[in-house]
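1. Whatever this is, show me its structure:
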Amino acid sequence: MEKKATRDGFGEEIVTLGKEDERIYVVDADIGKSCKTTTFAEQLPLQHVNVGIAEQNAAGVAAGLATCGKIPFVVTYAVFGSLRMAEMIRQEICYTNLNVKIACSHGGLTPANDGASHQAIEDMGVLRTIPNMTVIMPADYYSAKKLVRAAAKYDGPVYLRFTRDAVPLIYNENTEFVIGKAHQLRDGGDVAILANGDTVCLALQAAEELQKKGTAARVIDVHTIKPLDVEAVQRAVNDIGKIVTVEDHNVLNGLGSAVCEVAAEMGRGKVKRIGVQDQFGESAPYEVLMAKNGITVENIIAQAENLLA
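-> Okay, the predicted model is just below:
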C-alpha cells in the first residue's frame, strides 16, 4: 500500500496555489524544511516571510497581511501553531475574523521520538472552542491537497493539521472535498466508525476485519471537526445508534467529544471514544505510542464488538 505524508500534500499544493494567486503568502517560523515550504520559498520569494523562531510574531504578521487583502498561511509545528500562538489566534485572527490559515505539520503523536513537548494532542480541541475558527485534519495526501485548496478559497480563519509520517493513500486525485462535509467511505448497518486524519486507515482496516466476522461497519472520514457535519453524525445515530470514534488526539474535546455532543442533544445512541487517553506522550516510535493509547485496529474491533454485545 502506497503511503505519503499529508504534509507533503500541503507542501506541493501551496506552491500551486501561490503561482495561481499572488495573494497567497507563506509565513514560516524557521522550520520550512520540516513543514515542506522550502520549494515555495525558493520559487515564490516575494510571497514568503520567515519570522524565525517566533510563532506569536508569525500570527501577528499574518493578521497584518490579511488586513491588506493577502491570504497568509502561517506554517509551523502543530504544538506551536495551536498553543504558543493561541492568544494571538484568538485576539488578532479569530476575534477580527481575518482570512488567515494556520497550517501545521507534526500533529498528534506523529512526532514520536521528538517527545511530549512536540506532540500536539490537544490542538484541535483548543482551537475548535474559539469562535470563527474552522478545524480540519485530512486523512491522506490527496485529501490534504484538496482541503488546502478549499481552505485557501474559504474566507475566514482555518486550522489545518498534517502528519509528519507517511500514511496510506485512501483517496485519488479526482475525489472532491467540501469543508464541513464528511466522507462516507464504507456503509454498514451494525456499527459506525467515525475517524479523521491518520486514524481513518485504521478504521477502514477494522471494518474489513469486522466484515469477516459478519459485522457491517459504516466508516466516515470526519475531516472537518468544526464545523462538524452534524447531519452525518445524526444519520449514524439514527440509522445505527452504535458509534466508535477514533482520533490521534486527546479523547477530551476532540472528534469524540464533538460526536458525543450531538448524540447527547439527540438523547440517543452509544459512543465509544478511542484516542489519546488524557495523558502526555513520550519519546517512542509512533506505533508504540498509538498502541499505548489503544489507537489500534484491534481496539477499534474490540470497542465495536463491545457495543454489539
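2. Strands of the stretch 201-309 of the chain, residue ranges please.
-> In the stretch 201-309 of the chain, the segments counted as strands under DSSP state E, counting those that start in this stretch are 217-221, 224-226, 242-250, 270-276.
3. Strand partners (parallel or antiparallel) of the shortest one?
-> Using DSSP bridges, the neighbouring strands of strand 224-226 in the sheet come out as strand 134-136 (antiparallel).
4. picking that back up, I'd like the strands of the stretch 201-309 of the chain as TSV, with mean neighbour count appended.
-> In short, each C-beta sits where N, CA and C put it, glycine included. Output for the strands of the stretch 201-309 of the chain, formatted as TSV (neighbours: other Cβ atoms under 10 Å):
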stretch	mean neighbour count
strand 217-221	25
strand 224-226	23
strand 242-250	28
strand 270-276	22
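5. Go through those and name the closest to residue 79.
-> strand 242-250 (12.1 Å; Cβ to Cβ).
6. Ends of stretch 13-30, what's the gap?
-> 20 Å (Cα to Cα, to the nearest Å).
7. How about the lengthiest helix in the chain, which residues are buried there?
-> The residue-count maximum for a helix in the chain (DSSP state H) belongs to helix 6-20. Buried residues in helix 6-20, counted by 16 or more other Cβ atoms under 10 Å: 6, 7, 8, 9, 10, 11, 12, 13, 14, 15, 17, 18.
8. Check which element follows that helix along the chain.
-> strand 24-28 (DSSP states H and E).
9. Quick check: the gap between residue 121 and residue 144.
-> Residue 121 sits at a distance of 20 Å from residue 144 (criterion: Cβ to Cβ, to the nearest Å).
10. So these two - more neighbours on which side?
-> Each of residue 121 and residue 144 has its neighbours counted (other Cβ atoms under 10 Å); residue 144 has more, 33 against 28.
11. thinking again about what came up before, let me know the angle separating the longest helix of the chain from strand 24-28.
-> Calculated by axes from the mean of the first three to the mean of the last three Cα atoms, to 10 degrees, helix 6-20 forms an angle of 130 degrees with strand 24-28.
12. elements contacting helix 6-20?
-> Packing partners of helix 6-20 (3 or more Cβ pairs under 8 Å, 6 or more residues apart in numbering; DSSP states H and E): strand 24-28, helix 32-35, helix 38-43, strand 101-105, helix 141-153.
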